[in-house]
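> Turn this into a structure:
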Amino acid sequence: MNKVPGIILKAVAGFFFYAGGLLAFISEPPQGVKLVLMLVFLLPAVLALIGGLSLTRFRNWKRDTGIVLLSASGVTTFVIFTIIWLSMSEEFRSMIRPEHLTFFNDYQTGGGVIAGLAVMGWILVKTNKESKSRVDQK
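Here you go, the predicted structure:
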């Protein structure tokens, strides 16, 4: 019975990790303000993830956490590439004011955050597989 609420909480955590990653691409506020905003989204992400993991008694916590982080980084990457590709379209640029196109242009910070989430997720999934194979060999 705890499986469905655990999955829902992990999906909520993934959404908040995605939102925090998307905020990293915003260029308008100063870095300090942006960092605080990202931490505001990180707190419910971590709480929801811990809640989801606790419902499954932290079984396969590395795998589940890795999947959440990889999924959040993948969705954020997809959304950013969609924004980039849309901004290349003349029709899209004619519908939007030019200052709105420069709103998502901090690619250095955003790329670093997305790469960090993806690398952490990949490491967690990879180490989960390695620890499973060690247990199977014993």
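
> Wait, residue 83 touches residue 103, no?
No: checked against Cβ atoms under 8 Å, the pair residue 83 and residue 103 is beyond contact range at 9.3 Å. Glycine gets a C-beta too; all of them are placed from N, C-alpha and C.

> Counting neighbours, go ahead and name the busier of the two.
Between residue 83 and residue 103, residue 83 has the larger neighbour count (other Cβ atoms under 10 Å), namely 16 against 13.

> could you list every residue that touches that one?
Listed by Cβ atoms under 8 Å, 6 or more residues apart in numbering, the contact partners of residue 83 are residue 104.

> pLDDT value on it, please?
Here, the pLDDT recorded for residue 83 equals 86.

> do the same with residue 106
What the model reports for residue 106 is a pLDDT of 87.

> Next one: the closest residue to it other than its chain neighbours from residue 124, what distance?
Leaving out its chain neighbours, the residue that sits closest to residue 106 by Cβ to Cβ, 6 or more residues apart in numbering is residue 27, at 4.2 Å. Going from residue 27 to residue 124 by Cβ to Cβ, to the nearest Å gives 30 Å.
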